[in-house]
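How does the following fold in three dimensions:
(chains A and B)
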Amino acid sequence: MSTFDLSPETNAANRRPNTTITPAAAPNRRNTELVMLGFAVLVPILAYANVGLAMDGSLPAGMLGYGIGMAALALIAHLAVRRFAPYADPLLLPLATLLNGLGLVMIWRLDKAGKLLRNNFAAAPNQLMWSGLGVAVFIGVVLLLKDHRILQRYTYISMVVALVLLAAPAFFPSRQEDFGAKIWIRFGSFSIQPGEFAKIILTIFFAGFLMVKKDALALASRRFMGLMLPRGRDLGPILMVWLLSILILVFETDLGTSFLFFGLFVVMLYVATERTSWIVFGLVMSVGGAAVVATMEPHVKTRINAWLDPMAAFAPHPPANSSEQIGQTLMALGSGGTTGTGLGQGRSWLIQFAAKSDFILGSFGEELGLTGLMAVFMIYALIVQRGLRTALAARDAFGKLLATGLTSAFALQVFVVAGGVTGLIPLTGMTMPFLAQGGSSLVANWALIALLLKISDIARRPAAEPAAAIPEPTRGPVS
Amino acid sequence: MSDLTLTVMRLGFLAVLWLFVIVAVQVIRSDLFGTKVNPRGARRPAAAQAPAGRAPQSQQAATQQQPRPRRGAPTHLVVVAGSLQGTTVALQGQTITLGRAHDSTIVLDDDYASSRHARIYPDQTGQWTVEDLGSTNGTYLDRQRLTAPTPFQVGVPLRIGRTVIELRK
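Predicted structure coming up:
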């Protein structure tokens, strides 16, 4: 095992005469995980019962089946981790399970709103099916990926795959209901959103590439306007990939994802090279880029207007480029207050657009209030914390970069969605990981958690088995 | 459903949700792995109770008969310079391989390191020994280039490219 940054207290203790320092191996925490997982299954079941009691006055009929289904999925995932990643982090799986469960309950609850919600159809069974698929992918990754370092071999293949995935939706026909974004690939009634998977695969490329090039990027640099800029030949490939992905996304008008990739790129460069100039550079570039895109794309202009004045759309004569989505969500959050209206008792159908996907946080804010929403954000924060802890504990630079990248992609996505829904930043259409309706997002995020678990398993595993060939030292009396 | 029941349910659910968060934070708290500080008296009663009247040699022999940890034996390996600075690896009698190969115990991310650069292992007497595995740029133990397996003393810097490693007690 490895530890980082021995604190001064520990070093001081080392010099104290009557203590010994022994490295405490990271314990195998599977039983803790099982208990937490039980808790994580119980909370959504409670929420389910709560919704049923509030809306129908009786326990929902599907409660037993739903509970057993979720518990079974969680148990299978747990057994896979117990068998194939025994030293993995104990919290990631329960936290993800809880978010997935809460999302399912909220989608089911919005299904029950029936015709009050525009374009309403029963999405919960579908979401449950996707959860099952997500857990299957999770188990697949945990089972098949022996060591995350194998992924390093596929650095450039991942680059190509990520670009192909990102470009693919541009070649598929878009539909009216896609609201301006071309981010889906459709096969009949079945559609996937390849950008969600590209997120993970691009992180693998960035991690593999930066691991090889980080010294060149950090040291062989020229000073330009007070910033250290690396040589073109070191930065070239990564800049090209990033530019291509951004261009593709702008072409497909998927701004949330392009922001996500840009942020991911800046964070990973910063982590790999330890140069603050990247943060400055990234902030300047993103502000500049956003300004350019906002003036060119009418789609984006609407969103900026809605962000600047969310209530403009409710005026007697709404301006041309206005949207009522943010205003509706803010009112939902406001009517929730501190402790919420209670599950099943809000008026979530008043959020007319994408109530189950992009704006599901609005429903959570209304029915659980600020208190509940903060708890949900805490759960996200804990996932991010565990991811960064894994990055700290990883013993190889690739694992560190990969864990940091995956975690920051997750964190950035949560920030972009939560910031957009609460009116902090202009809204960009993205799904809240695990909570929102959307199969691709669910499956991709389960794969992300599986990768983090696998990295943490290797990082926390006690050091290699003792060398067998060396006999026990024999010490007779010194003659 | 009466209003009271619904209110109790609503607040109860929030309480349960926060309870989950608090329990999760507790798990993180108990999961802080790293080093453990033990009072010496409790751990090694034999050493503490060594009779004071004995001759110095026999006392030394008694100390040496302790199987592990030996007095003065290094307990961990610390990377003191290079890109992995701050990394520590606990020594538990296992061989530690150093190099750029992905399966090394410490994966050196150093342009001057070979894929299988060196290894550190306890020899037959339990003395930690460092051996260069035919690396291109060599392994330097306190400025001496290694040509044969050499005892690795506590506090002596071992340099591989830009990485410097030491044994610590």
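
C-alpha only now, for contacts and for neighbours.
Will do.

what's the pLDDT at the residue nearest the centre of chain A?
Nearest to the geometric centre of chain A sits residue A:410, at 2.6 Å (C-alpha atoms, centre = their mean). Note on residue A:410: pLDDT of 95.

Wait, a helix at it?
Yes - per DSSP: H, G, I helix; E, B strand; the rest coil, residue A:410 lies within a helix segment.

in chain B, which spans are helices?
B:3-30, B:40-43, B:45-48, B:56-65 (DSSP state H).

you'd agree residue B:98 is up against residue B:110?
No - Residue B:98 is beyond contact range of residue B:110, at 10.9 Å (criterion: C-alpha atoms under 8 Å).

These two: which is more packed in?
Per other C-alpha atoms under 10 Å in any protein chain shown, whichever of residue B:98 and residue B:110 has more neighbours is residue B:98, with 24 against 19.

residues contacting the residue in the stretch 251-400 of chain A positioned nearest to chain B?
Distances between the stretch 251-400 of chain A and chain B by C-alpha to the nearest C-alpha are smallest at residue A:342, namely 4.9 Å. Applying C-alpha atoms under 8 Å, 6 or more residues apart in numbering or on different chains to residue A:342 gives the contacts A:367, A:368, B:6, B:7, B:9, B:10.

What residues does residue A:327 make contact with?
By C-alpha under 8 Å, 6+ apart, the neighbours of residue A:327 are A:306, A:310, A:311, A:313.

Let's verify the first one: helix, strand, or coil?
If I follow you right, that is residue A:306. Counting by three-state DSSP, the backbone at residue A:306 sits in helix.

now the strands: where do they sit in the chain?
Using chain A. Applying DSSP state E to chain A gives strands spanning A:2-3, A:19-24, A:185-187, A:190-192, A:221-224, A:227-230.

switch to chain B, that's the one I care about
Under DSSP E, chain B gives strands at B:34-39, B:76-81, B:88-90, B:96-99, B:106-107, B:118-122, B:128-132, B:140-141, B:144-145, B:150-151, B:158-160, B:163-168.

So for the third one, mean pLDDT?
Here strand B:88-90 scores 79 as its mean pLDDT.

Can you give the distance of that strand from its chain's centre?
Relative to the centre of its chain, strand B:88-90 is centred 2 Å away, using C-alpha atoms, centre = their mean, to the nearest Å.

Which strands or helices does it pack on?
When contacts are defined as 3 or more C-alpha pairs under 8 Å, 6 or more residues apart in numbering or on different chains; DSSP states H and E, strand B:88-90 packs onto strand A:2-3, strand B:76-81.

Residues touching the longest one, excluding its own?
Contacts made with strand B:76-81 from outside it, assessed by C-alpha under 8 Å, 6+ apart, are listed as A:23, B:85-91, B:162-169.

what about 10 Å?
A:2-4, A:21-23, B:84-92, B:96, B:106, B:120, B:154-155, B:157-159, B:162-169 (C-alpha atoms under 10 Å, 6 or more residues apart in numbering or on different chains).

mind checking how far the residue nearest to residue A:128 when sequence neighbours are not counted is from chain B?
With sequence-adjacent residues excluded and distances taken as C-alpha to C-alpha, 6 or more residues apart in numbering or on different chains, residue A:128 is closest to residue A:104, at 7.0 Å. Per C-alpha to the nearest C-alpha, to the nearest Å, residue A:104 is found 16 Å from chain B.

sorry, back to before: distance to residue A:159 for the contacts of residue A:342 - can I get that in JSON lines?
Below are the contacts of residue A:342 laid out as JSON lines (distance: C-alpha to C-alpha, whole Å):
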{"residue": "A:367", "distance to residue A:159": "42"}
{"residue": "A:368", "distance to residue A:159": "41"}
{"residue": "B:6", "distance to residue A:159": "52"}
{"residue": "B:7", "distance to residue A:159": "53"}
{"residue": "B:9", "distance to residue A:159": "50"}
{"residue": "B:10", "distance to residue A:159": "48"}
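
Thank you kindly, that will do.
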